[in-house]
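# pasting the structure only:
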C-alpha cells in the first residue's frame, strides 16, 4: 500500500462480452483471488446481473445524471446499485468525444453517483494534439476544476480518478512510466491545493494500453495506484496478471 492507498484495478469491457465471457471471468477470478488489491469489473449493463462473486466488485460504464423517469435508453445510479454495483465510470474519453459530455456534465454525473451510494471512477485525459502542444497541465486543470466546483472535499475523498491519455487508448501506445508519474503527481498536487489529506488518500489510476508486460513498472510509480484496463480486461489471464502486478 502506498501511504495506506490500497491498489485498485478496474476492467472496462466497453461494448464487448457475452455470457460465456462472464462465466469465464467469474470462475477464474474466484480461483485466482488477489489479496490487497481492489478489483472491479465494468461489463455492459445487460450482463451485470449475471455476475456473482465475493472476490471482486462490479461497476457500471456510465450513468444518467437525471432522476429516474422518462429518459429512454439511460441507466440510473439507483438501477446500477440495485443490480449489485459499487462503482461507476464517468467521463470516459469516448463519452466525452462521441456523446458530447462536457467537464460540467461529468462532474454532475459523479455527484449523482455519490448520491446513489456509488463510487465514481472519474476519467480525465488529453488528446495527442494537446500533448504535442505542451498544454497537458492546462487541459487537465480545466477537467479537474469542474470537479472541485461541483464536488466537496468529502465527495472527492470517496471518488477515484483515472488518468487516461487519449492518445494511448486502444492505440498500442503507452505513456512511459515517467510520463505517467509526472501527470499523476500533477493531479495529486492539484488536489493538495484543495486539501492535503484528500490528496494523500486519493487513488489515481493510469489507463492506456496497460498490459501484463508493462503493468508492474507503471504501478511501481509513486503516484500511480493501479489501472483502468480496456482491451486487456477482456482476456482473463492478462487481467489477472495485471491485478497481480498491482499487489
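On my side now, so go ahead. Everything numeric in this text was worked out from a predicted model, so none of it was measured.
# and stretch 185-201, how far out from the chain's middle?
Distance of stretch 185-201 from the chain centroid (Cα atoms, centre = their mean, to the nearest Å) equals 18 Å.
# which residues are in contact with it?
Contacts with stretch 185-201, where a contact means Cβ atoms under 8 Å, 6 or more residues apart in numbering, come from 3-5, 124, 137, 140-141, 144, 148, 153, 156-157, 161, 163, 202, 204, 222-223. Where C-beta positions appear, they are placed from N, C-alpha and C, glycine not excepted.
# for that stretch, which positions count as buried?
Using 16 or more other Cβ atoms under 10 Å as the test for burial, stretch 185-201 gives 186-188, 190-191, 195, 198-199.
# repeat for stretch 134-154
Result for stretch 134-154 [16+ other Cβ under 10 Å]: buried residues 136, 139-140, 143-144, 146-148, 150-151.
# what do you get for stretch 66-84?
Buried residues in stretch 66-84 (16+ other Cβ under 10 Å): 75-81.
# Identify those among the buried residues of stretch 134-154 that sit within strands.
Using DSSP state E, no member of these falls within strands.
# Kindly reformat the residues you listed as JSON lines containing pLDDT and distance to residue 89.
Formatted as JSON lines, these follow (pLDDT from 0 to 100; distance: Cβ to Cβ, whole Å):
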{"residue": "136", "pLDDT": "96", "distance to residue 89": "22"}
{"residue": "139", "pLDDT": "98", "distance to residue 89": "20"}
{"residue": "140", "pLDDT": "98", "distance to residue 89": "18"}
{"residue": "143", "pLDDT": "98", "distance to residue 89": "15"}
{"residue": "144", "pLDDT": "98", "distance to residue 89": "17"}
{"residue": "146", "pLDDT": "98", "distance to residue 89": "17"}
{"residue": "147", "pLDDT": "98", "distance to residue 89": "15"}
{"residue": "148", "pLDDT": "98", "distance to residue 89": "20"}
{"residue": "150", "pLDDT": "97", "distance to residue 89": "17"}
{"residue": "151", "pLDDT": "98", "distance to residue 89": "16"}
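# among the residues you listed, which are in helices?
Secondary structure from DSSP state H places 136, 139-140, 143-144, 146-148, 150 of those in helices.
# Closest one of those residues to residue 67?
residue 150 (16.9 Å; Cβ to Cβ).
# how about the residue lying farthest from the centre of the chain, phi and psi?
Most distant from the centre of the chain: residue 70, at 28.1 Å, with distances by Cα atoms, centre = their mean. With angles defined as degrees, to the nearest 10, residue 70 sits at phi -80, psi 80.
# And it, how far from residue 54?
In this view, residue 70 and residue 54 are 37 Å apart by Cβ to Cβ, to the nearest Å.
# now do residue 129
Applying Cβ to Cβ to residue 129 and residue 54 gives a distance of 44 Å.
# So which of the two has more stuff around it?
residue 129 (11 against 7; other Cβ atoms under 10 Å).
# Noted, bye for now.
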